[in-house]
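Student: Here is a sequence together with a model predicted from it:
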Amino acid sequence: MPKVPFARALGLIAGCVWFHRRCPADSSRPLEMRRLLPLVCLALALEAQAFEFLINGEWEEESFPSDGNLGEHQNGKFRRSVMGPDDKDDGDFEAFAGSGIIVRSYKVESRITSRFAHTTVRSLVVNVAQQAESIAFNVQIPKRAFITNFTMNVNGVMFVGSVKEKTVARNLYAQARARGKAAGIVRTNAQDMDTFKMEVHVPANSNIEFELHYQEMMQRKLGFYEHSLYLQPGQLVPILQVDVYIYEPKGIAVVEAPNTLGEQFKNLAKVVTSKDKAHVVFRPTLFQQRKCDSCSTTAVDGIFTVRYDVHRDNSAGELQVSDGHFVHFFAPNNLSSMPKNIVFVIDVSGSMWGIKMKQMVEALQTILDDLTIDDHFSIIDFNHHVRCWSEDLVHGSSTQVADAKKYIQSIKPSGGTNINEALMRAIHMLNKAANQGFIDQRSVSMIIFVSDGDPTIGEIKLSAIQKNVKRYIREEFSLFSLGIGFDVDFDFLERISMENRGIAQRIYARHDTSEQLRNFYRQISSPLLRKVTIQFPEDSVSNVTQNHFDKFFSGSELVVAGKVQTCFSSPLISFVTASSAQMDLSLQTETDCTELDSLLGHQSHSVAGFARQMWAYITINQLLAERSLAKTAAEKRKITRKILKLALEHQFVTPFTAMLVESETGQERLLADSPKDPKHGCCIGTPLGRKTEVLVQSVPPWALSTPPPSEAKTDRIITMVENDPHFTVHLPKSHMDVCFNIDSEPGHILNLVSDPESGLAVNGQLVAGKKIKNNKLNTYFGTISIYYKTSGIRVDVSTQQVNLIHGKDQHSFSWASTANITLSGMKLSIVKDAHVTITVNNGTTFMVLLHRVWKKHPFNVDFLGIYIPSNNIYSTRVHGLIGQFAVEPEVKIYNIHDGADPVKQEATMEVKGNKLAVTRGWQKDYRKDRKYGSNVFCWFVHNNGKGFIDGQYKNYIVPQMDSFFKQELK
């Protein structure tokens with residue numbers, strides 16, 4: 001064997017990154033070959049400066065059909081792999097090296113910008129032995145991540161990666177392999193990770209640097225974004241360092257690094273936070289890395305976790321624009337959970353015997369305890385027969401739950417698997433309940449299907465089962481599937497769930513099945529919204545990702561991205577419509593198109609082009625999901641071309657692309673591939689909901705500005721209260737305005753309108769100014785409440801937020817977005833940072849106006865004004881400081897003369913049998929000009945309106961925000 005120069009003959013054994021969950025099902029590999037794959041990585045050094053490969057097993061030739069239908073077997077059925085995390089392989093891929101291999105440094109850096117993460121793993125390894133050694137570089141990455149680059153430096157020889165179409169990359173790789181300059185493939189599955197493995201055989205006294213890059217979008221689950229980094233250096237490392245940099249423009253609410261590596265690493269992770277940035281660092285010393293004080297092995301082997309959440313001050317979500325792309329994050333909180341109708345369909349075939357069934361029962365008992373009296377449920381268990389615990393849905397009462405728990409404890413697994421009949425029975429049960437009006441139209445109906453295998457009884461053709469479910473399930477129902485272990489066809493579960501407004505999740509056997517089941521249920525146990533649509537004005541955006549979502553669950557987040565068309569002279573606006581348990585929502589938000597890019601320019605650890613990459617990431621995942629549901633080969637080819645175009649443009653390794661890593665001369669090559677694995681599904685991370693709907697290229701009618709009472713032709717039909725507080729009562733018949741002040745104490749609640757016959761009460765609570773001015777402490781309305789007893793609804797408007805209370809449920813809305821809400825006869829319209837209009841009883845209207853003052857103002861605080869049309873219709877029993885004037889009193893003004901102040905005339909007013917000395921003055925109406933206001937001239941009544949109002953102002957102090965005025969006045 002002749003010697004070969006090192007730069008041309010470096011022996012590389014290339015690892016593959018297997019994205020099982022994204023890969024459509026189409027493997028045609030023989031079973032024997034698949035079992036040989038883990039044995040491929042073997043390289044033998046013949047001499048210190050010469051290299052040759054000995055590969056145990058040949059390259060797997062794959063045919064690519066001319067129709068581009070890479071995801072199907074020739075007979076239309078989906079092949080399934082034989083390997084899983086529970087299977088035995090080659091030692092869990094722990095890093096291995098000879099005695100002369102030293103890892104000098106192992107560094108992991110993640111930069112997260114607006115939920116999008118770019119992670120870099122760097123390792124410097126040295127062979128200090130006197131002979132050639134094999135060096136392994138193993139990195140486990142999240143299954144939802146896309147590899148974007150890999151480089152390697154061996155004694156100054158650079159190997160650089162580039163993403164190419166899979167067939168092109170494989171052809172180039174095959175050419176190198178034919179010359180003995182490349183080697184085979186390694187495959188692995190893990191619970192939440194894929195493994196990138198690189199093994200290099202290098203001569204003595206060699207240095208090698210590895211660098212791997214991958215990107216992913218953070219998914220919000222149970223109220224947190226969780227970033228996982230698998231640390232597996234393989235040995236003690238002098239420099240072991242993890243840095244996670246987070247930048248969230250709207251602010252970080254919480255960030256934490258829970259200890260998930262072991263007790264000895266407790267408190268070693270340090271977290272530094274500011275308003276919108278966080279830095280998490282983990283740098284254990286050599287001593288801290290040891291398994292024990294005298295050990296020479298490392299204890300660092302596990303997942304390093306960072307969890308965080310962001311501030312949300314906008315009910316309509318967070319809209320960001322950067323690099324010509326936009327991202328809209330939607331995760332409203334403070335909404336009431338919608339009632340649920342759940343049919344649990346559980347596999348009790350013989351394969352579920354033992355620990356699987358035990359953990360299933362444990363999980364179901366916890367899940368059943370979560371049900372409320374407003375929920376409805378039933379249980380169907382199946383093997384070769386199908387049994388119903390109850391033929392109809394029942395209330396989630398404690399009695400029914402206890403009975404159901406006894407039932408599942410008595411189940412003994414046995415027999416085959418009749419999936420089709422079990423699902424048909426569940427669909428029939430929900431359809432029946434809906435037809436009979438047993439379930440609330442605003443509730444959420446779902447089937448939770450749990451199985452560990454494929455059908456063996458009844459209809460066993462998966463495509464037929466899929467068609468049956470699609471045919472009979474209603475549009476408003478969802479199917480969620482949980483596949484236990486690796487005997488179940490997970491690709492089928494994903495397709496049947498995605499097609500029916502749900503998701504599928506792998507449950508890993510021997511990894512605490514019950515806890516995984518409970519965690520999944522917690523994610524879908526609190527539905528908050530249905531039929532969520534996020535839209536944009538005509539011609540403002542293009543290439544929008546999925547913008548219609550069937551459901552939104554508490555603790556999650558909906559994300560829509562796209563390209564910005566026109567957004568330089570005006571802000572980008574988005575509109576959100578949705579339905580909750582009791583109301584219909586219409587929300588609006590906007591953002592400046594250049595502000596974020598300006599901020600990012602000053603951030604040293606932000607992800608460059610995050611919005612562009614996030615849009616591509618979401619789009620590719622959604623295209624993979626669409627492709628798995630495509631009905632024809634032509635559809636699949638069309639979608640495949642779109643995926644290829646995006647993946648090559650954005651340098652993502654996908655099921656249809658591969659990363660070719662080449663030396664500078666192009667002589668040595670290795671392949672980072674993403675083979676197909678139908679057992680693992682196609683598209684983890686795909687949001688709930690339907691396919692992307694056509695963008696509505698017009699502003700929805702509800703988004704048009706709602707004219708407040710001030711927009712009427714005559715401005716003088718409004719009674720208002722402003723400032724500290726100044727009351728201005730309009731008297732239409734007398735063609736005049738009368739004003740007075742109320743000097744009360746902070747905390748007092750004043751009744752403004754009380755109409756017990758129509759069930760309407762309007763009250764305002766006073767807040768104090770910051771300090772005394774001119775020997776007086778001013779008070780202002782800090783909260784104004786409109787209570788509509790007929791519907792049991794109360795709206796509390798404060799300077800911080802708007803709370804909508806309906807019975808035991810409370811919904812909060814921020815001033816930071818425009819919103820329209822309809823609920824049981826009440827309409828609520830919020831105009832961003834401006835005013836709230838409340839309409840009840842088909843026409844009675846109130847507008848509350850928000851006043852923001854300079855935070856450093858020495859005396860004033862934020863306060864509210866209220867504007868009430870004088871033509872509001874009340875019953876004859878209406879009263880209150882303002883309500884009493886719905887029946888206009890007779891007023892006479894005479895004896896007008898100059899007063900002590902030459903610009904203010906004085907006069908005598910006759911009203912309600914009283915003669916009052918009044919002064920001509922003016923108050924401010926801020927409806928049109930919120931900064932300076934416009935003057936409203938009025939006759940001012942002194943002494944807190946005494947003589948003009950019935951009784952004294954203290955008679956109008958009430959105990960609660962929903963109290964009616966009850967005191968008899970003399």
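Tutor: That came through fine. Numbers count the residues shown, from 1 in each chain.

Student: Show me the longest helix that occurs in this protein.
Tutor: Using DSSP state H, we find that the single longest helix of the chain is helix 610-629.

Student: That one packs against which elements?
Tutor: For helix 610-629, the elements it packs on are strand 116-127, strand 206-217, strand 318-322, strand 325-330, helix 490-498, strand 558-564, helix 633-650, judged by 3 or more C-beta pairs under 8 Å, 6 or more residues apart in numbering; DSSP states H and E. In short, each C-beta sits where N, CA and C put it, glycine included.

Student: got the buried residues for the second one?
Tutor: Okay, so that is strand 206-217. Residues 206, 208-217 are the ones in strand 206-217 that count as buried (16 or more other C-beta atoms under 10 Å).

Student: Ok, the longest one next?
Tutor: Of the residues in helix 633-650, 636-637, 639-640, 643-644, 646-648, 650 count as buried by neighbour count, 16+ other C-beta under 10 Å.

Student: would you turn the residues you listed into TSV with distance to residue 726?
Tutor: Output for the buried residues of helix 633-650, formatted as TSV (distance: C-beta to C-beta, whole Å):
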residue	distance to residue 726
636	70
637	71
639	65
640	69
643	64
644	68
646	61
647	65
648	67
650	60
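
Student: Save the residues you listed as TSV, and put in distance to residue 471 and pLDDT too.
Tutor: Listed next are these as TSV, based on distance: C-beta to C-beta, whole Å; pLDDT from 0 to 100:
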residue	distance to residue 471	pLDDT
636	22	94
637	27	94
639	24	95
640	28	94
643	29	95
644	33	94
646	33	95
647	34	94
648	39	94
650	38	95
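
Student: Using pLDDT, spot the least trustworthy of the buried residues of strand 206-217.
Tutor: pLDDT is lowest at residue 206 among those; the value there is 87.

Student: Could you find the closest non-adjacent residue to that residue?
Tutor: Nearest residue to residue 206, sequence neighbours excluded (C-beta to C-beta, 6 or more residues apart in numbering): residue 127, at 4.8 Å.

Student: Number of residues surrounding the one you found?
Tutor: When neighbours are counted by other C-beta atoms under 10 Å, residue 127 registers 24.

Student: cool, and residue 313?
Tutor: When neighbours are counted by other C-beta under 10 Å, residue 313 comes out with 13.

Student: Do I have it right that it meets residue 812?
Tutor: No: at 10.9 Å, residue 313 does not count as touching residue 812 under the criterion of C-beta atoms under 8 Å.

Student: Run through the stretch 651-800 of the chain and note the low-pLDDT ranges.
Tutor: 666-667, 670-716 (pLDDT under 70).

Student: Would you state the strands of it in chain order?
Tutor: Secondary structure of the stretch 651-800 of the chain by DSSP state E, counting those that start in this stretch: the strands cover 657-663, 669-672, 718-722, 726-731, 736-741, 749-755, 760-768, 779-788, 793-798.

Student: got these as CSV, with mean neighbour count and distance to residue 279 columns?
Tutor: Output for the strands of the stretch 651-800 of the chain, formatted as CSV (neighbours: other C-beta atoms under 10 Å; distance: least, C-beta to C-beta, whole Å):
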stretch, mean neighbour count, distance to residue 279
strand 657-663, 25, 30
strand 669-672, 26, 30
strand 718-722, 25, 47
strand 726-731, 24, 51
strand 736-741, 21, 53
strand 749-755, 24, 47
strand 760-768, 23, 39
strand 779-788, 24, 38
strand 793-798, 23, 35
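
Student: want to try JSON lines for those strands, with distance to residue 416 as columns?
Tutor: Shown next, in JSON lines, are the strands of the stretch 651-800 of the chain (distance: least, C-beta to C-beta, whole Å):
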{"stretch": "strand 657-663", "distance to residue 416": "41"}
{"stretch": "strand 669-672", "distance to residue 416": "42"}
{"stretch": "strand 718-722", "distance to residue 416": "74"}
{"stretch": "strand 726-731", "distance to residue 416": "79"}
{"stretch": "strand 736-741", "distance to residue 416": "83"}
{"stretch": "strand 749-755", "distance to residue 416": "68"}
{"stretch": "strand 760-768", "distance to residue 416": "64"}
{"stretch": "strand 779-788", "distance to residue 416": "58"}
{"stretch": "strand 793-798", "distance to residue 416": "54"}
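
Student: So which of these is nearest residue 620?
Tutor: For residue 620, the closest of the strands of the stretch 651-800 of the chain is strand 657-663, at 9.9 Å, according to C-beta to C-beta.

Student: ok, the residue nearest the centre of the chain - contacts?
Tutor: Centroid-nearest residue in the chain, with C-alpha atoms, centre = their mean: residue 557, separated by 1.2 Å. Going by C-beta atoms under 8 Å, 6 or more residues apart in numbering, residue 557 touches 115, 219-220, 329-331.

Student: State the phi and psi torsions of it.
Tutor: Backbone geometry at residue 557, expressed as degrees, to the nearest 10, gives phi -160, psi 140.

Student: What residues are bridge-paired with residue 244?
Tutor: Note on residue 244: beta-bridge partners by DSSP bridges are residue 110, residue 280.

Student: what sits against it?
Tutor: 109-110, 112, 227, 229, 257, 278-281, 306.

Student: again with residue 431
Tutor: Residue 431 sits next to 472, 474 when contact means C-beta under 8 Å, 6+ apart.

Student: what about it, is that helix, strand or coil?
Tutor: helix (DSSP: H, G, I helix; E, B strand; the rest coil).

Student: Confirm for me that the residue nearest to residue 206 is in contact with residue 201.
Tutor: No: Residue 127 lies out of contact with residue 201 (C-beta under 8 Å); the separation is 9.7 Å.

Student: Now for those two: what residues contact both?
Tutor: Residues touching both residue 127 and residue 201 by C-beta under 8 Å, 6+ apart: 133, 135.

Student: ok, residue 368 to residue 276 distance?
Tutor: The gap separating residue 368 from residue 276 is 42 Å, by C-beta to C-beta, to the nearest Å.

Student: if we can go back for a sec, could you identify which of the contacts of residue 557 has the most neighbours?
Tutor: residue 330 (26 neighbours).

Student: Which positions are bridged to it in the beta structure?
Tutor: residue 558.

Student: before we move on, what about residue 585?
Tutor: Where residue 585 sits in a bridge, its partners, by DSSP bridges, are residue 578, residue 821.

Student: wait, isn't it in contact with residue 578?
Tutor: Yes: at 4.8 Å, residue 585 and residue 578 qualify as touching, with contact defined as C-beta under 8 Å.

Student: Overlap in contacts, those two.
Tutor: Both residue 585 and residue 578 are in contact with residue 529, where contact means C-beta under 8 Å, 6+ apart.

Student: Tell me how many other residues crowd residue 850.
Tutor: Neighbour count of residue 850, defined by other C-beta under 10 Å: 22.

Student: Give me the more crowded residue out of residue 368 and residue 276.
Tutor: Neighbour count, other C-beta under 10 Å: between residue 368 and residue 276, residue 368 has more, with 20 against 16.

Student: Check the closest residue to that one other than its chain neighbours and give its pLDDT.
Tutor: Ranked by C-beta to C-beta, 6+ apart and with sequence neighbours excluded, the top spatial neighbour of residue 368 is residue 401, at 4.9 Å. Looking at residue 401, its pLDDT stands at 96.

Student: Kind regards, and thank you for your time.
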